[in-house]
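J.: This is a predicted model, with the sequence first.
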Amino acid sequence: MTPSYWAMLLGGIIPAVFFGISGAFTKSSNQAGIGTGLYLVCIGISVTLVGVCYYLLVPDRNISLRSGAFAALVGMTWAVAAGMVALALTRYGVPVAKLAPLYNMNTLITVLIGLVFLAEWKDVQALKLMLGAGFVVIGGIIVASS
């Protein structure tokens, strides 16, 4: 298998499976009656344990103040979003099957940031990217209206 296939498998397909499974666990946890704050604390403990495992198993241990600050921002923005999903599930009883496609349109935000602020427009085929983004939006609209 070529390195690009490994990259798509390790960075795309397998994470998609785990993110999808985590959506089901989100619904199950909130249905079982956990408060949003404690829900996020439990996730934080789990993330810390997995982080320690990666730290021990993957030899790359580089860090700088700047990279650590960006990593902290990843955690903060993710936690705010995860908390909002938990609130929507518990307070409004929305089905996770309808909610997940909407919050997973986050890829469009990431694509926009990558293209504009990270200058990745140089490295992609814009027509294919825009066509794919359009399908994501159409899919989100269809699922949300189901």
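T.: Cool, the structure landed.
J.: use CA for all of it now, contacts and neighbours both
T.: Will do.
J.: and the most centrally placed residue in the chain, how far is that from Ser145?
T.: Residue closest to the mean C-alpha point of the chain, counted by C-alpha atoms, centre = their mean, is Phe19 at 6.6 Å. Distance, Phe19 to Ser145, using C-alpha to C-alpha, to the nearest Å: 22 Å.
J.: How about residues contacting stretch 80-95?
T.: Thr26, Lys27, Asn30, Gln31, Thr36, Gly37, Leu40, Val96 (C-alpha atoms under 8 Å, 6 or more residues apart in numbering).
J.: got a markdown table for these, with distance to Ala86, pLDDT and neighbour count too?
T.: Converted to a markdown table, these look like this (distance: C-alpha to C-alpha, whole Å; pLDDT from 0 to 100; neighbours: other C-alpha atoms under 10 Å):
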| residue | distance to Ala86 | pLDDT | neighbour count |
| --- | --- | --- | --- |
| Thr26 | 7 | 92 | 18 |
| Lys27 | 8 | 91 | 19 |
| Asn30 | 7 | 90 | 20 |
| Gln31 | 10 | 90 | 13 |
| Thr36 | 6 | 94 | 17 |
| Gly37 | 10 | 95 | 12 |
| Leu40 | 9 | 96 | 17 |
| Val96 | 10 | 87 | 18 |
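J.: want to throw those into CSV with secondary structure?
T.: Converted to CSV, these look like this (DSSP: H, G, I helix; E, B strand; the rest coil):
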residue, secondary structure
Thr26, helix
Lys27, helix
Asn30, helix
Gln31, helix
Thr36, helix
Gly37, helix
Leu40, helix
Val96, helix
